[in-house]
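Enquirer: Following is a predicted model, sequence given first.
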Amino acid sequence: MNQSTGQNQQSQPLINYGNVKYSFKCLRRHLLKDKVYHVLALQNMITIGEHLNDPNPKYKLELNLKNTVYWKQVHGQNKAFGIKYKKNVKYFEASTEQLTKFREAISCFIGFHSIDDHYKIEKMIGSGSFSQVHKVFRLHDDKAFAMKQVSNQQKTDKENMQLLENEIGILHSLNNEAIVKIYEVFRIEENQYGLIIEFVDGICLATLIEQLKKNQNQLKEEDIKILLKEILKALNFIHQEQVIHRDIKPQNIMISQSSFKNVKIIDFGLSIKNSQQYNRCGTPGYMAPEIVNMKKEDQKPWTSLCDIFSLGVVFYKILSKGINCFQGQTSDQIVANNKKCQIDWSNVQQFNYSDNCISLLKAMLAKDPEERISADQALQHPFFIDLPPVLETDFAGNDMTQQSKVIVNQIIDKPNLDSIAESLNDFSGNQKQHIYVREFKPSRISKENSKEFSDFSILKTKNSETQVVQPIDNPPPIKFTQQEAEEIIQKFRVYKPQNKQFKYENLLKFQNCKLKIYKDSYYFGQLVNGKKNGFGVILSNNGRTYEGQFENDRKHGSGFERFPDGASYNGTYINGKPDGVGKFLWANGEVYEGGWQNGLKHGQGIWNGIKGDSYVGEWKMGNPEGYGVHVWVNGDRYEGEFHNSLKHGEGIEYLINGDVYKGQYVNGKPEGVGEYQWSSGSYYNGTFSNGLRHGKGLWIKDRNATLTDNYDGEFVNDKKCGYGVYKWAKGSKYEGNFYDDLRHGYGSMFWNDGSYYIGMWEQGYQWGEGEYCKKGEQPKFGTFEKNLLVIEDQEKLSQYHSKLPPQIRIRQYTTSQRSVRSNSQRPSSQSQQRNVRPSSVKSVNQIKQGSMGNNQFLCKKRRQPSFTKQTFDLDF
């Protein structure tokens, strides 16, 4: 079943489509009446029915890549999803939060449409026989991803679809930092798919090996040891999940520019589950001998030891500085040597690697799979047991030797240090005067890499807005004289810290107190191995200062920071960013005090705006999230749940004019079930949509009065529309259809004097066929126009009565029942209508309908809290 189909046969047996992954209510918009459906995201199927456990849902869609789900978005937020039904796309609305969870539940199991509405394709970064890889950016947050565009045209649809679904399923099931992640799949064309996967910012191992060979460089054995161990750990995880990669080679291993501990295994296009029987495949020169020697008619199960042999070939190539394990001028020659599995060990042994290193290599390249080592066994090999502790750290960059860092940075064209002239400056009494001077190439420092390669970056804060700007350009190394050094020290002597602990005289009491000089800033405090560690102060020429604790050159611990525009932060830091509890004071007077995480407001906190607004409650990633209380400067107050700075969930709002709303919110507006109490005494209890009364509800004109007008029925966009019952305080009653706040369609009107009318209405008038009876008189039947009987036909009265049920039921009015008249016959103004209301209630829009009262929903115009996103990096 490739498209959704209607289910009309009640006797159809219930089919088990797997466990429910997510369920929610949605709204299907119709011209006359909106309808609520229940959506179930099952293991193999999406069902949309009128009831939660509907055995025969109206819409069903199998979860496979041949089917498509459509999305409607507004400013990057999901507003509705759609499926094809009878060749047309039907859309269903729900909250952004529900649609996001629904999207996550079905992603990677079905194709989405269309990729251009969600991502911007930047450039191609790789290609193969049947696929291309592009760098893309998500439109709503500009986050980078990779898109693997796969074409089905070169293979049979069934075969290629099986391979594609196999790759997606395996990637989706592997949750590990060393495995590239997949997020969702888009249908680009009939035979093309776009896989949105994690973008890895680094280089592939093949590029590194090629540059080593070209420049006659060589990685140290310690670096090779770390790199191989991380790849083995990734393979061990894959194998424990019963998955075989089947195409391990340098092109499918990505490494970070700063650490060999950060590796990623990519391209699972040939991967399979363990023990599946497949013919030989892989890359010539990297295939295990038992696979490359497999005959075409053989159907033998693969084992994970095939991946170990392939990794052994990669290991060999690294150790030999780029020499292939199985060489040849053509692909056939490489395959022939691969089959023989005759390895020249001298290409490796000439470089004097340790015995344990060579021992592990031979164990991985054993021709007989029964003698070959597994990934788990390899990790226990003595080659890794003697790994120096300093190389086992988890800090990025600390596990790569300086020589390897230079090689990797050169390859990926990152900014590197042209020269470093540094020495220790002991101001505690020693005679030797040493000053740190660090130089960078400013022209090659990009915004995204400035944090990593710069010791001091400038943070601009203005009106709560933050941005990281380029590091200050550094001149060539400068030699400082003793006099110049003393002038710099004088800056620290006259500096008035927030905390007396950081006065120059008090800092001198700490051990290892040194001076470190940058182009436009100076550090005085504790240094350990050339890095800021302990207590210290940073002064910059532009007025930015920091006093507090450091760890590994980053602000870490308690500290106070003042920015050039007068803003300040006083609190705790972790890895250079506010984290813990702190107070931020903006230059414009805005204040936040509370929890922080990774440089963003996070946890419980109090915010006071410059205009007098305030918020007390929970925060997440810089925005109000969870329960909180917001008070506006004019006195309006909201208590309830927030999401992404907007009222979202259950809440209650008190307006300064006395109005009160209590109920559900979605994206800042009433949505769902709620109650609205006007200060005038009017009251509404029912459903809302987009801040307006919409759906079933009860409206009461004056809740405090004993006798009052009320309406119980359906609303559309804040107006009575659909079926409903309106009762006047003095006893009159109308039951029937409404449109645009007026009686319109089929309905019955009973006046308090005993008169009644049963028939057609239009724009609030009796208009069309109907029966009218005054108290004490005989009923009259005929055609009415503007409340007047223009054609009387008593002969049809008995026929009309015979059609009515014993108890009068209001039937739906259709366009076929309306009489066709020219515009000149229609009412010229609503003032001509029969006014049956005992009193008039002016609406917000001052609609003069002259039939029923209307209290427009005032809360739809409520403004939202003006929180500013706090996405900044406070690292020097």
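Expert: Cool, got the structure. Residues are numbered from 1 along each chain as shown.
Enquirer: Contact partners for A366?
Expert: Contact partners of A366, counting by CB atoms under 8 Å, 6 or more residues apart in numbering, are 309, 372-373. For glycine as for every other residue, the C-beta is placed from the backbone atoms N, C-alpha and C.
Enquirer: any weak-confidence spans in the stretch 301-450 of the chain?
Expert: Where the stretch 301-450 of the chain drops to pLDDT under 70, the residues are 386-450.
Enquirer: quick one on the thing from earlier: relative to Q162, which of the contacts of A366 is nearest.
Expert: Using CB to CB, F309 comes nearest to Q162 of those, at 25.8 Å.
Enquirer: quick one on the thing from earlier: in CSV: the contacts of A366, plus distance to N512.
Expert: Shown next, in CSV, are the contacts of A366 (distance: CB to CB, whole Å):
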residue, distance to N512
F309, 51
R372, 52
I373, 47
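Enquirer: For G658, grab the count of nearby residues.
Expert: Using other CB atoms under 10 Å, G658 has 11 neighbouring residues.
Enquirer: who's in contact with it?
Expert: Listed by CB under 8 Å, 6+ apart, the contact set of G658 reads 678-679.
Enquirer: quick one: it and Y523, what's the gap?
Expert: 59 Å (CB to CB, to the nearest Å).
Enquirer: Could you do F268 as well?
Expert: 47 Å.
Enquirer: my read: F688 touches V666, true?
Expert: No - the criterion here is CB atoms under 8 Å, and F688 misses it with V666 at 9.1 Å.
Enquirer: what sits in contact with each of those two?
Expert: Listed as contacting both F688 and V666 by CB under 8 Å, 6+ apart are G672.
Enquirer: Between the two, tell me which one has more neighbours.
Expert: Using other CB under 10 Å, the more surrounded residue of F688 and V666 is F688, with 29 against 22.
Enquirer: residues near the residue lying closest to the more buried one once chain neighbours are set aside, how many?
Expert: Distances taken as CB to CB, 6 or more residues apart in numbering put P670 closest to F688, at 4.0 Å, once the chain neighbours are dropped. Neighbours of P670 under the rule other CB under 10 Å: 29.
Enquirer: Which helix or strand contains P670?
Expert: Per DSSP states H and E: P670 is located in strand 669-677.
Enquirer: again with G782
Expert: strand 780-785.
Enquirer: So for that strand, mean pLDDT?
Expert: Strand 780-785 comes out with an average pLDDT of 90.
Enquirer: just checking, what packs against it?
Expert: Judged by 3 or more CB pairs under 8 Å, 6 or more residues apart in numbering; DSSP states H and E, strand 780-785 is in contact with strand 765-773, strand 788-792, helix 795-803.
Enquirer: Would you mark the buried spots in that strand?
Expert: By neighbour count with 16 or more other CB atoms under 10 Å, strand 780-785 contains the buried residues 780-785.
Enquirer: quick one: strands adjacent to it?
Expert: Here strand 780-785 has these sheet partners by DSSP bridges: strand 765-773 (antiparallel), strand 788-792 (antiparallel).
Enquirer: chain center to the last one: distance?
Expert: Between the centre of strand 788-792 and the centre of its host chain there is 64 Å, according to CA atoms, centre = their mean, to the nearest Å.
Enquirer: Now it - C-alpha only, PDB.
Expert: Written as PDB, here are the backbone C-alpha positions of strand 788-792 (Å, rounded to 0.1, in the frame of the first residue of the first chain):
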ATOM      1  CA  LEU A 788     -42.000  38.600   5.200                       C
ATOM      2  CA  LEU A 789     -44.200  35.800   3.700                       C
ATOM      3  CA  VAL A 790     -44.200  36.600   0.000                       C
ATOM      4  CA  ILE A 791     -45.700  33.400  -1.400                       C
ATOM      5  CA  GLU A 792     -48.200  31.400   0.700                       C
END
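Enquirer: Quick check: buried residues in that strand?
Expert: Result for strand 788-792 [16+ other CB under 10 Å]: no buried residues.
Enquirer: thinking again about what came up before, weakest of the helices and strands packed on strand 780-785 by average pLDDT?
Expert: The weakest mean pLDDT among the helices and strands packed on strand 780-785 belongs to helix 795-803, with a mean of 60.
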